[in-house]
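S.K.: sequence plus the predicted model coming up.
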Amino acid sequence: MSAGFAPGAPGQSPSPALTPLFVRLKLALLRNGLRRSPGRAAAYVASILVGVVCAAGATTSLVLLRGVAHVDALAVLLTGFLTLGWAVMPLFFPSGDETLDPTRLVMLPLRPRPLIVALLTASLVGIGPFVTLALATGAAVAVADGTAATVVAVCAVPLVVLVCVALARAVATASIRLLTSRRGRDLAVLGGLFVALGGQVVNIAAQKLGRPDGLSVLEPVGEVLRWVPPASAMSAVADAGRGAWGRAAVGLALTVLALVLLLWWWQRMLTTLMTSPDASTLQPVEKDGGRAAKGGARGLARLLPDGRTGAVMLRTLRYAWRDPKSKMSWATSLGVGLLVPVVYAAQGNGTVYTAFVAPALLGMQMYNQFGQDTSAFWMVAATLATPRDAYRELRARALALCLVAVPYVTLVVVGTVAFLGAWSSLVEIYGLSLALLGALVATGALTSTLFPYSIPSDGNKNIGPGQASIAWFSLFGGLLAGTVLSAPLLALTLWLHLAGHHGLLWILLPVGAVYGTAMAQVGLRIAAPVVVRRVPEILTAVRKG
């Protein structure tokens, strides 16, 4: 057990004032971080400028909406979104602020309550709290009507900021050990996908709010959020302006209660974290020993074929699940492939052909197969003695891809058709999607062999130095070639439509499945002997960076 929190026996000297010390520590961390490189300093200054400009624009817009009908619903909803943003921020950016990690203070004899106050005060230093304060102030000004509402707003705005910051701190403390582990870093990598999803939701909402009666659509959501802290404090400002003193008092009381509960929960999590050992360092020996004693395949491995095919499939799927960059690539393809049809349908521009995004993105996962192995490709290369070995290697990787891609494409196609009510196009779109997937598997095998490039294990770059042109040519050239290979089936589809043979469109499903499988087989057969001849070149390319 660590000595993080001293029990504090009677008669001890009072603890030194931690709050000024932690504020100076936060400022020192920011200053020293900016001294590391001019690029980091420029990025930080740019983020401050962007934050200030966005906060000024949003605050001005809210002030100009003062007196507009349903503006109170907008203010409540904005407060709710701010709170949600603060809650999820530590999950995706656990290392963005060094002071978010309380495990750095484990060996210091600090007491919980002074530490909570010091950490909360230090958390108020930064661009995030400033933007939150500006937006909360603008929302309060937009809904405040009269002296009483102004007085309530003076109390509500600081409460909103304190609840948001305390929530972020409590979430970070409760999950810091997970977020600093490998799985936590994987979760942070997936943050970009959730940002993209949230951006599309905001885009759709902005289009709806642009209508003449746009703010009225917020009323149903606003009625619910009015009683959820800290949005209830913002609702209390509007209630005080209307003379609803009871509702205003309840709204403020709920926010105060939420702040007290958050601080209590934060203190408990902090005490537990700083007085208990890290479970990750106490793995029982019996667990690994028992697992090794049982032997045999477990889980998915039992369902895969024996021999090289099953081993390569399992390795490929494990890369996709465990490697952060592979996981990000897969998650982005899966998320965007499902998001695009939904967004277009929600905007009123829906068409069944948006389902083609799913096989296109999943098929492109076949590209640069050897680059995903990085320098470990030498172990694969040592087993590639004949074209048959290379064919079995490529075939297993393609089967692992199709094990995910075929059910996913089926889900997206059926979901898109069902959402749009175009069931007559199901067989046609499904057949064309399978043909496109097979064509991309074929071209992916060839481009992986002819244009391999490395994927750096560190940093945010997905392409090795000096290999960007190879990567772009591989991706876009392969996608164009895959589209050309799908042209015969597309021509058959057009002919059936133009000739009026709508009753024969059902043949596109079996023909598309057979055609896609045949194209994948041909591509794998052609690429296999090339792999054997180009093993040294491939190994050299994937080891760069």
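M.R.: Sure thing, it's come through.
S.K.: only C-alpha atoms for contact and neighbour calcs from this point on.
M.R.: Fine.
S.K.: contacts only, for the closest residue to Lys26 other than its chain neighbours.
M.R.: Spatial nearest neighbour of Lys26, excluding adjacent residues (CA to CA, 6 or more residues apart in numbering): Ala122 at 6.3 Å. Applying CA atoms under 8 Å, 6 or more residues apart in numbering to Ala122 gives the contacts Thr19, Phe22, Val23, Lys26.
S.K.: what do you get for Asp72?
M.R.: Counting by CA under 8 Å, 6+ apart, Asp72 touches Ala142, Val143, Ser235, Ala238.
S.K.: try Leu225
M.R.: Leu225 makes contact with Val76, Leu77, Gly80, Ala231, Ser232, according to CA under 8 Å, 6+ apart.
S.K.: hmm, which of the contacts of Asp72 are the buried ones?
M.R.: Those of the contacts of Asp72 that meet the buried threshold are Ala142, Val143, Ser235, Ala238, by 16 or more other CA atoms under 10 Å.
S.K.: wait, isn't the third one in contact with Arg226?
M.R.: Pointing back at Ser235 there. Yes: contact criterion CA atoms under 8 Å: Ser235 and Arg226 qualify, at 5.6 Å.
S.K.: overlap in contacts of the two?
M.R.: Val76, Gly251.
S.K.: for Pro109, what are phi and psi?
M.R.: Phi and psi for Pro109, reported as degrees, to the nearest 10, are phi -80, psi 80.
S.K.: okay, now it: neighbour count?
M.R.: Pro109 has 15 neighbouring residues, counting by other CA atoms under 10 Å.
S.K.: counting contacts, what elements does the helix or strand Ala445 falls within pack onto?
M.R.: Under the criterion of DSSP states H and E, Ala445 resides in helix 426-450. For helix 426-450, the packing partners by 3 or more CA pairs under 8 Å, 6 or more residues apart in numbering; DSSP states H and E come out as helix 357-363, helix 387-420, helix 468-485, helix 487-498, helix 508-533.
S.K.: of all the ones you listed, which gets the most neighbours per residue?
M.R.: Most buried of these by mean neighbour count (mean count of other CA atoms under 10 Å) is helix 357-363; its value is a mean of 25.
S.K.: and after that helix, which helix or strand comes next?
M.R.: Remark: after helix 357-363, the chain's next helix or strand is helix 377-381, criterion DSSP H and E.
S.K.: quick check: mean pLDDT of that next one?
M.R.: Helix 377-381 carries an average pLDDT of 85.
S.K.: again with stretch 309-321
M.R.: Stretch 309-321 comes out at a mean pLDDT of 85.
S.K.: just the CA trace of that stretch, in PDB.
M.R.: C-alpha atoms of stretch 309-321 as PDB (Å, rounded to 0.1, in the frame of the first residue of the first chain):
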ATOM      1  CA  THR A 309      -4.600 -21.000 -43.200                       C
ATOM      2  CA  GLY A 310      -6.000 -20.900 -39.700                       C
ATOM      3  CA  ALA A 311      -2.800 -19.600 -38.100                       C
ATOM      4  CA  VAL A 312      -2.500 -16.700 -40.600                       C
ATOM      5  CA  MET A 313      -6.200 -15.900 -40.200                       C
ATOM      6  CA  LEU A 314      -5.900 -15.800 -36.400                       C
ATOM      7  CA  ARG A 315      -2.800 -13.600 -36.600                       C
ATOM      8  CA  THR A 316      -4.500 -11.200 -39.000                       C
ATOM      9  CA  LEU A 317      -7.600 -10.900 -36.800                       C
ATOM     10  CA  ARG A 318      -5.400 -10.400 -33.700                       C
ATOM     11  CA  TYR A 319      -3.500  -7.600 -35.400                       C
ATOM     12  CA  ALA A 320      -6.800  -5.900 -36.300                       C
ATOM     13  CA  TRP A 321      -7.900  -6.200 -32.600                       C
END
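S.K.: out of the helices and strands packed on helix 426-450, which comes closest to Ala46?
M.R.: Proximity to Ala46 (CA to CA) singles out helix 468-485 among those, at 26.7 Å.
S.K.: who touches that closest one?
M.R.: Applying CA under 8 Å, 6+ apart, the contact partners of helix 468-485 are 360, 364, 367, 436, 439-440, 442-444, 447-448, 451-453, 463.
S.K.: if we can go back for a sec, can you list which of the contacts of Ala122 are found in strands?
M.R.: In strands, defined here by DSSP state E, there are no members of those.
S.K.: let me have those residues in CSV, extended by pLDDT and distance to Ala55.
M.R.: Formatted as CSV, the contacts of Ala122 follow (pLDDT from 0 to 100; distance: CA to CA, whole Å):
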residue, pLDDT, distance to Ala55
Thr19, 81, 27
Phe22, 82, 26
Val23, 84, 24
Lys26, 81, 23
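S.K.: among those, who's most crowded?
M.R.: Result: Lys26 is most packed of the contacts of Ala122 (other CA under 10 Å), 22 neighbours.
S.K.: neighbours of Ala139, how many?
M.R.: Ala139: 31 surrounding residues under other CA under 10 Å.
S.K.: OK, contacts around it?
M.R.: Each residue near Ala139 by CA under 8 Å, 6+ apart is listed here: Thr59, Leu62, Val63, Ala75, Leu78, Met234.
S.K.: model confidence score at it, please.
M.R.: What the model reports for Ala139 is a pLDDT of 90.
S.K.: number of residues surrounding the closest residue to Leu399 other than its chain neighbours?
M.R.: Spatial nearest neighbour of Leu399, chain neighbours left out: Met313 (7.0 Å); criterion: CA to CA, 6+ apart. Met313: 24 surrounding residues under other CA under 10 Å.
S.K.: helix or strand right after the helix or strand Met313 falls within?
M.R.: Assigned by DSSP H and E, Met313 falls within helix 307-322. Heading C-terminal from helix 307-322, the first helix or strand you meet, by DSSP H and E, is helix 324-346.
S.K.: can you pull the buried residues of that next one?
M.R.: Of all the residues in helix 324-346, those buried under the rule 16+ other CA under 10 Å are 324-343, 345.
S.K.: against which helices or strands is that helix packed?
M.R.: Using 3+ CA pairs under 8 Å, 6+ apart, the elements in contact with helix 324-346 are helix 182-189, helix 191-209, helix 307-322, helix 357-363, helix 387-420.
S.K.: so that helix versus helix 387-420, what angle?
M.R.: Angle, helix 324-346 to helix 387-420, by axes from the mean of the first three to the mean of the last three CA atoms, to 10 degrees: 30 degrees.
S.K.: so the protein: which segments form each domain?
M.R.: Under the assignment automatic domain parsing, the domains of the chain span 38-275, 302-542.
S.K.: great, nothing more from me.
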